[in-house]
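In: Sharing a sequence plus its predicted fold:
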Protein chains: 2
Amino acid sequence: MNTTIFQEIIDIVGPEHCSREIEELHCYSYDNSKQTFLPDAVVHPDTVEQVANLAKLANTHCIPIVARGAGSGTTGGSLPTQGGIVLSCMRLNRILEIDTDNQIAIVEPGVITGTFQKILQGHKLMYAPDPASLKFCTIGGNVAECAGGPSAIKYGVTKDSIIGLEVVLANGEVLTTGTRTEKGVVGYDLTRLFIGSEGTLGIITKIITRLLPLPEHKETFLLSSTSLQQATEFVAKILQQNILPCTLEYMDKTALQVVSDILPSRLPADIQAMLIIEIDGSRQKVEEQAEHLKRLIAAEKYCNIKQAATEDEIQEIWKARRSISPATHKISPHKTSEDVVVPRSLIPELVGFCEDLAQKLTITILTFGHAGDGNIHVNILAADNSPKEKQKAANAKMALFKKVLSMGGTLSGEHGIGITKSPYISLELNRTSITVMRQLKQLFDKNNIMNPGKIFPSEELHNGPSPV
Amino acid sequence: MNTTIFQEIIDIVGPEHCSREIEELHCYSYDNSKQTFLPDAVVHPDTVEQVANLAKLANTHCIPIVARGAGSGTTGGSLPTQGGIVLSCMRLNRILEIDTDNQIAIVEPGVITGTFQKILQGHKLMYAPDPASLKFCTIGGNVAECAGGPSAIKYGVTKDSIIGLEVVLANGEVLTTGTRTEKGVVGYDLTRLFIGSEGTLGIITKIITRLLPLPEHKETFLLSSTSLQQATEFVAKILQQNILPCTLEYMDKTALQVVSDILPSRLPADIQAMLIIEIDGSRQKVEEQAEHLKRLIAAEKYCNIKQAATEDEIQEIWKARRSISPATHKISPHKTSEDVVVPRSLIPELVGFCEDLAQKLTITILTFGHAGDGNIHVNILAADNSPKEKQKAANAKMALFKKVLSMGGTLSGEHGIGITKSPYISLELNRTSITVMRQLKQLFDKNNIMNPGKIFPSEELHNGPSPV
């Protein structure tokens, strides 16, 4: 980046809020996908006007501009793969309004999701989406990737909690979408077009969230089973019985083993799977549903249920669950983690398929995740970085994706496409879909400056039918 | 329409499934907006291939093509305002799949919403959206307009129940959007772009709906109040108390008077407003919340609550509520009905404003509707069709819209824009929004054949900034 352009950036945000220093650039070069791409500059705007001026500048000079929250994404969505400007949302971190009467809030993208939730608790309100990284990640990143979390089974994913946005477009114009009311059908639904668009259509500068009353009470259960099949089948059984938990997480034996030293009690040798089940609501309703759940379990031959008695026990259970992903990184730094989704009744089939696949390819595969909505995290653990192991992992990934799609599933439930999944999206989306999406990208971003190279298999933007 | 083109239509659907006869054309010329525009042909395709071929034909010859369900829309969305082809979804009325395990269904657009719901009851499942016309309207029309209904307060509007679509584009290509899984973030969210787009971006040919377990039990309450202010304030109070009704409907005194002979019991002279409140869920939970509701009411000075004891009583209450709209038509054939939305805490202010406005302009205004989500139906009843009364009504409408927008509200919560509200959307959407929407329209429909003349203030399609 030449000095004239950098001077323009300085003129917009001030010299203390931008940098070309290699040490600082490095801090914005990686995310949780474990890949690294150096930007040419990092900028910390403070207002929507500054963001708009930065977009105009980038557009004029055809420089890539990549918005970044906390960099906790797993698919490389915040990586400056083509260099350019990283636009950090660090300073755009104000909670602008909490309207307790109408149960909405207006926040800037750099607000940390967990911080927002803690503040809302003081108002007896809740912003429901709870990605595992909530103490660290930002709501802007959550919206850009449409993050999920355990509570999605009851409360939906990020898109279900967002009713309006302010977005800076590539040409620097500021678009407002949606409403601050629950209902609203004036014109096309542009809000949803931006949610999950991974920064490729514009830069989100304000977010209107829907809030819910904070549930009065919650109970946590740990179900262990000596039959993998039965544990996964039990997921559908619970939901068919009109029990709607706010958590229905699943961990297979391999996943449990990697966190065995964190688990609240010693793992019996014959355990094949565990479920974390949480029920929230009014105390009376929770008790009613808890009784119902226990009756259901009593009828199951291979299952056992334990109700967490103290807050410490609950925290231990969650510590184990949230440690799976980091712990597998320690065992296999070369792991691939896929957040595929299948219709939830088919989870037993998917899990069985993964077991067979691991055996067939002699590779470790573990499965855990949000069983309640069919969103299973399949981790493929290559033994080392050798070409042979890498090939095995690639074969396993491709076989997994093909199986998931043959089951009516999808390649990603909450992590997005970014760069790690973009070579595979034409397995799921046909030519018409990809063509329409490319055309939308081109409509919003003629010069392809907004987080270029993400989502789509090739960076070229076509008007006509795509070659994929 | 010349004979050669009509012959092409015959070749696509067969002679028994299309017509140019004036008697038949007339049946497809009007909707619930009470306006009339004759099409040049009406066609009843049976397959997505036929729809695709019809779109190609229309596109080639630049003939407008307007998809139509039951014509129950109130804003003229299904009217062939520029002539052309009315594509009736009458024969596209199959329920293709009900997946009880995964609680989804796949249906064609011509399925009648109420029929679908009845069939689902047999599976102990529910498709939640319940527009007033549900016994008559089609789910395709509901999706195109993003219909609401009383249950939206708990279960959301149509868009909240739809997870995927099949859409025929103007060029005849068939686009599939979304997934059949609860979660899915692969590529842009095109599903929502089509929901509520009023047939202007493509023709919906398949719909994937999310289903819910049928609630075990429901209780219905009729709250009457001698204070309008207190009745409307009570709406927010209920929701703040963690009671989430599945119905929270409001009717003012004037609305009650027009249906007074249908109401279950004689209307006391001092009643200023009524609320219909319904609570559903497990029997235990309903009883718990009903007790809570009654305790709340006991503390209110001007309110009285009556619990419906029999199914007949429930039906009577609903008959009265659903008759308001037809009954006002009888009193004033020249009525305007607006489905504005305000943040629900501001309902008392809006209702007070309407009372004052009616007095100031010496015109009858009644208010009723979905108080729980702030979606109030404001009916402006002109005394006759004289220029003076028409002007008064127009003045009242404009004053209402400006007030609603100043309160952070929106012009339409569930009826859409169509042709009746299109002159007003630039009051709500700024130039950037309208420009983006027009560009989207042009992207999907270069020749402007898909339900042309709807939503946007002028029929011209701009690339650059819009003049509005």
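Out: That came through, no problem. What you see is a predicted model; the values in this text were computed from it and never measured. Numbers count the residues shown, from 1 in each chain, chains lettered A, B, ... in the order given.
In: show me what contacts the nearest residue to A:K135 once chain neighbours are set aside?
Out: Nearest residue to A:K135, sequence neighbours excluded (Cβ to Cβ, 6 or more residues apart in numbering or on different chains): A:G114, at 4.3 Å. The way it works is simple: take the backbone N, C-alpha and C, and place the C-beta from them, glycine included. By Cβ atoms under 8 Å, 6 or more residues apart in numbering or on different chains, the contact list for A:G114 reads A:L134, A:K135, A:F136.
In: Closest one of those residues to chain B?
Out: Closest approach between the contacts of A:G114 and chain B, by Cβ to the nearest Cβ: A:L134, at 17.4 Å.
In: Now for the closest one: which residues touch it?
Out: Each residue near A:L134 by Cβ under 8 Å, 6+ apart is listed here: A:I112, A:T113, A:G114, A:Q117, A:G149.
In: Can you show me the strands along the stretch 251-400 of chain A?
Out: A:273-281, A:303-307, A:336-341, A:364-370, A:375-381 (DSSP state E, counting those that start in this stretch).
In: any idea of the mean pLDDT in the shortest one?
Out: Averaged over strand A:303-307, pLDDT sits at 89.
In: Sheet partners, orientation included, of that strand?
Out: strand A:217-225 (antiparallel) (DSSP bridges).
In: Show me what the strand it pairs with is in contact with.
Out: A:231, A:234, A:246-247, A:264, A:268, A:271-283, A:286-287, A:290, A:293, A:297, A:300, A:302-308, A:313-314, A:317.
In: any idea how far the closest residue to chain B within the stretch 351-468 of chain A is from A:V404?
Out: Nearest residue of the stretch 351-468 of chain A to chain B: A:G413, at 3.6 Å (Cβ to the nearest Cβ). Using Cβ to Cβ, to the nearest Å, we find A:G413 at a distance of 10 Å from A:V404.
In: Then A:V286?
Out: Distance from A:V286 to A:V404, by Cβ to Cβ: 34 Å.
In: Of the two, which one has the most company?
Out: Between A:V286 and A:V404, counting by other Cβ atoms under 10 Å in any protein chain shown, A:V404 is the more crowded of the two (25 against 19).
In: What residues does the closest residue to chain B within the stretch 1-150 of chain A make contact with?
Out: When scored by Cβ to the nearest Cβ, the stretch 1-150 of chain A has A:D101 as its residue closest to chain B, at 3.6 Å. By Cβ under 8 Å, 6+ apart, the contact set of A:D101 is B:A236, B:Q240, B:P343, B:R344, B:S345.
In: mind redoing it with 10 Å?
Out: Neighbouring residues of A:D101 by Cβ atoms under 10 Å, 6 or more residues apart in numbering or on different chains: B:A236, B:L239, B:Q240, B:P343, B:R344, B:S345, B:L346.
In: Kindly give a single ChimeraX line that selects the buried subset of those.
Out: One line in ChimeraX is enough to select the buried ones among those; burial here means 16 or more other Cβ atoms under 10 Å in any protein chain shown:
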select /B:236,239,343,344,345,346
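In: If we check chain A, which of the contacts of A:D101 are in contact?
Out: Filtering the contacts of A:D101 for neighbours of chain A using Cβ under 10 Å from any Cβ of the partner chain leaves B:A236, B:L239, B:Q240, B:P343, B:R344, B:S345, B:L346.
In: and the residue lying closest to the fourth one once chain neighbours are set aside, how many neighbours?
Out: When the adjacent residues along the chain are set aside, B:P343 lies closest to A:N102, with 4.1 Å between them (Cβ to Cβ, 6+ apart). When counting by other Cβ under 10 Å, one arrives at 20 neighbours for A:N102.
In: if I look at A:N102, how far off is B:G14?
Out: 53 Å.
In: about what we covered before: from the contacts of strand A:217-225, which would you call buried?
Out: Buried among those (16+ other Cβ under 10 Å): A:231, A:234, A:246-247, A:271-282, A:286, A:290, A:293, A:297, A:300, A:302-303, A:305, A:308, A:313-314, A:317.
In: Common neighbours of A:G413 and A:V404, please.
Out: Joint contacts of A:G413 and A:V404 (Cβ under 10 Å, 6+ apart) are A:E338, A:V340, A:V341, A:V342, A:G374, A:I376, B:T181.
In: contacting residues for the residue positioned nearest the centre of chain A?
Out: In chain A, the centroid-proximal residue (Cα atoms, centre = their mean) is A:A147; its distance is 3.2 Å. Going by Cβ under 10 Å, 6+ apart, A:A147 touches A:72-73, A:113, A:129-134, A:137, A:139, A:141, A:157-159, A:196, A:414-416, B:185.
In: Among these, name the ones in helices.
Out: Applying DSSP state H to the contacts of A:A147, the entries found in helices are A:T113, A:I139, A:G141.
In: list the contacts for the first one?
Out: Spelled out, it's A:T113. By Cβ under 10 Å, 6+ apart, the residues touching A:T113 are A:69-70, A:72, A:107, A:127, A:129-131, A:133-142, A:147, A:149, A:158.
In: So which of those are in strands?
Out: A:V107 (DSSP state E).
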